[in-house]
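Peer 1: Pasting a predicted model and its sequence here:
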Amino acid sequence: MANEFVHDVTDAEFESKVLQSETPVLVDFWATWCGPCRALAPVVDQVATEYNGQLKVMKMDVDKNQMTPGRYGIRGIPALLVFKGGKVAEQIVGFVPKDHIDDTLKRVLA
């Protein structure tokens with residue numbers, strides 16, 4: 001993992017690490033073969049560092065974990081879902097600039 005504040009999450013851990021989290025969680029749904037996912041990775045790392053303490057950041061490999069992406073209707077990647085109180089608060093699909101992610105997170109964390 002490129003960043004100490006970004007953690008992998010699996011289908012088996014999703015309930016405990018994301019849905020039961022007291023802190024809002026940004027989950028990056030990605031795959032190794034996905035070019036836009038690789039392009040977004042440094043942005044996700046930067047977000048994890050800047051929002052450390054306010055937000056947990058997790059990455060889920062959609063090839064290794066298919067149950068959770070299916071449950072949340074992930075059809076295209078990269079997809080960023082922000083969970084708050086066990087529910088999806090915001091969703092961002094595709095490669096977007098960091099300020100778009102910042103604006104979304106400000107609404108959720110307000």
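Peer 2: Nice, thanks for sending it over.
Peer 1: so who does the closest residue to residue 58 other than its chain neighbours touch?
Peer 2: The shortest distance from residue 58 to any non-neighbouring residue, by Cβ to Cβ, 6 or more residues apart in numbering, is to residue 9 (4.1 Å). Every C-beta, even on glycine, is put in place using the N, C-alpha and C of the backbone. For residue 9, the contact set (Cβ atoms under 8 Å, 6 or more residues apart in numbering) comprises 17-18, 27, 58-60, 65.
Peer 1: phi, psi of residue 109?
Peer 2: Torsion angles at residue 109 (phi, psi; degrees, to the nearest 10) stand at phi -90, psi -10.
Peer 1: Tell me how far the residue lying closest to it once chain neighbours are set aside lies from residue 13.
Peer 2: Sequence neighbours aside, residue 54 is the residue nearest to residue 109 in space, at 5.6 Å (criterion: Cβ to Cβ, 6+ apart). Distance of residue 54 to residue 13, computed by Cβ to Cβ, to the nearest Å: 21 Å.
Peer 1: do the same with residue 46
Peer 2: For residue 46, the distance to residue 13 equals 24 Å [Cβ to Cβ].
Peer 1: Kindly report the same for residue 51.
Peer 2: In terms of Cβ to Cβ, residue 51 sits 21 Å off from residue 13.
Peer 1: Have a look at those two and say which one is more surrounded.
Peer 2: More crowded of residue 51 and residue 13, by other Cβ atoms under 10 Å: residue 51, with 19 against 15.
Peer 1: quick one: the more buried one and residue 57 touch, right?
Peer 2: Yes - taking contacts as Cβ atoms under 8 Å, residue 51 lies within contact range of residue 57: 7.5 Å.
Peer 1: Next, show the common contact partners of the two.
Peer 2: Joint contacts of residue 51 and residue 57 (Cβ under 8 Å, 6+ apart) are residue 26.
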